[in-house]
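> pasting the sequence and the predicted model now:
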Amino acid sequence: MKKVTTAFIALLFLAACNGGKTNTVESSETKSLKGVISIDGSSTLFPLSEALAEDFRTTHTDVQITVGESGTGGGFKKFSRGELDISNASRTIKASEDSACKANGIEYIELAICSDGMAIVVHPENTFASTITVSELKTMWEPEAQGKVKLWSDVNSAWPKEELHLFGAGTQSGTYDYFTEAINGKAKASRGDYTASEDDNVLVQGIARDKLALGYFGLAYYETNKDKLKLVAIDNGNGAVLPSITTVQDGTYQPLSRPLFMYINMKALSRPEVVMFIEYCLNNANKIAAEVGYVPLPDNMMALVKQKFVARKSGSAIMGKNTVGMKLVDIISAQ
């Protein structure tokens, strides 16, 4: 009977996926769910995960969901030790992290949950850096810049001869890995003399207080703090482009557009509260993502992600691949 009930719920969910509906799939059996769900990892995904968790708890009040933000790398360390049900990630899992999971018998499902345009921001009173080229970002952030590129004028002679104060992701952050690969050509290749944090709120506060600052983090953190930050357009050789739902989805905001992921421990899916929460996330992520500053997946792409979850397809088809500049459809189709 348990197997029949589980199969029936799965078939209902698949029907909802194929129909593109946003309602969660519930039975009378799951309205009184109980349990604890542990989530940690990417600080970029924290606002979305927290919003989804809070909404889920309004219906399932006996389910406790903890959401941490120790960074993508920090999350994968805990996940590989079996300490988490879900690991949020702003990049794909690395081969070394996958090996750590296998060594501890952790099998997982990799699900794209939304997209993000990495925001380059400055203080609102900065009147000269409304647009910045990828080359200028590299001049600022490459390892060779440490101790040498100290002034804004060292980057662009038209900019003032004033100190350049940089704020960016900490080394455990997937945002750090992606940004350095996209801008400097190699993951983790960066100058070290900048204010670093895995907590994006720390970066927001620092830039908002410093008229000479420039920093980067996920677009959602700009959207919730736009009254105290200024968004900078990126010129990749085809004109200046600001990150938005449109420019991320159509691929014109490059090279700082990327998908964001949830990694789910397969053993956790033996618990109905975890299954129902993931189903809720996939059915409602697009709506909530748009509300809190993320870029929703196109409906056809989300349908593929839902089908992957229903099929319980484990592992990562894009592990270790350089996804910088890849089209979203190619990344998700590969899964």
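Here it is on my side, so go on. In this text the structure is predicted, and so the values were computed from the model without any measurement.
> what is the longest helix that the chain contains packed up against?
In the chain, assigned by DSSP state H, the helix with the most residues is helix 272-291. Helices and strands touching helix 272-291, as assessed by 3 or more Cβ pairs under 8 Å, 6 or more residues apart in numbering; DSSP states H and E, comprise helix 2-19, strand 35-41, helix 46-59, strand 63-67, strand 108-122, strand 257-265, helix 299-310. (Glycine included, C-beta is placed from N, CA and C.)
> give me that answer again for 10 Å
Contact here means 3 or more Cβ pairs under 10 Å, 6 or more residues apart in numbering; DSSP states H and E; on that basis helix 272-291 packs against helix 2-19, strand 35-41, helix 46-59, strand 63-67, strand 86-89, strand 108-122, strand 257-265, helix 299-310.
> so how far is that helix from its chain's centroid?
15 Å (Cα atoms, centre = their mean, to the nearest Å).
> alpha carbons of it, as PDB, please.
What follows is helix 272-291 as a C-alpha-only set of coordinates in PDB (Å, rounded to 0.1, in the frame of the first residue of the first chain):
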ATOM      1  CA  PRO A 272       7.800  12.500   2.900                       C
ATOM      2  CA  GLU A 273       8.400  16.000   4.200                       C
ATOM      3  CA  VAL A 274      11.600  16.300   2.100                       C
ATOM      4  CA  VAL A 275       9.800  15.000  -1.000                       C
ATOM      5  CA  MET A 276       6.900  17.400  -0.500                       C
ATOM      6  CA  PHE A 277       9.200  20.300   0.100                       C
ATOM      7  CA  ILE A 278      11.200  19.700  -3.100                       C
ATOM      8  CA  GLU A 279       7.900  19.400  -5.100                       C
ATOM      9  CA  TYR A 280       6.800  22.600  -3.500                       C
ATOM     10  CA  CYS A 281      10.000  24.400  -4.500                       C
ATOM     11  CA  LEU A 282       9.800  23.200  -8.100                       C
ATOM     12  CA  ASN A 283       6.200  24.200  -8.400                       C
ATOM     13  CA  ASN A 284       6.600  27.600  -6.800                       C
ATOM     14  CA  ALA A 285      10.300  28.700  -7.400                       C
ATOM     15  CA  ASN A 286       9.500  30.700 -10.600                       C
ATOM     16  CA  LYS A 287       6.900  32.800  -8.900                       C
ATOM     17  CA  ILE A 288       8.900  33.500  -5.700                       C
ATOM     18  CA  ALA A 289      12.200  33.900  -7.600                       C
ATOM     19  CA  ALA A 290      10.800  36.800  -9.600                       C
ATOM     20  CA  GLU A 291       9.400  38.400  -6.300                       C
END
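> ok, residue 323 - contacts?
By Cβ atoms under 10 Å, 6 or more residues apart in numbering, the residues touching residue 323 are 91-92, 178, 181-182, 257-259, 330-331, 334.
> would it count as being in a helix?
No - applying DSSP: H, G, I helix; E, B strand; the rest coil, one finds residue 323 to be coil, outside a helix.
> give me the number of residues near residue 149?
19 (other Cβ atoms under 10 Å).
> any idea of the pLDDT on it?
On pLDDT, residue 149 comes in at 98.
> about what we covered before: reformat the helices and strands packed on helix 272-291 as a markdown table; add mean pLDDT and mean neighbour count.
Supplementary listing: these in a markdown table, determined by pLDDT from 0 to 100; neighbours: other Cβ atoms under 10 Å:
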| stretch | mean pLDDT | mean neighbour count |
| --- | --- | --- |
| helix 2-19 | 44 | 13 |
| strand 35-41 | 97 | 22 |
| helix 46-59 | 95 | 19 |
| strand 63-67 | 97 | 18 |
| strand 86-89 | 97 | 30 |
| strand 108-122 | 95 | 24 |
| strand 257-265 | 95 | 26 |
| helix 299-310 | 94 | 17 |
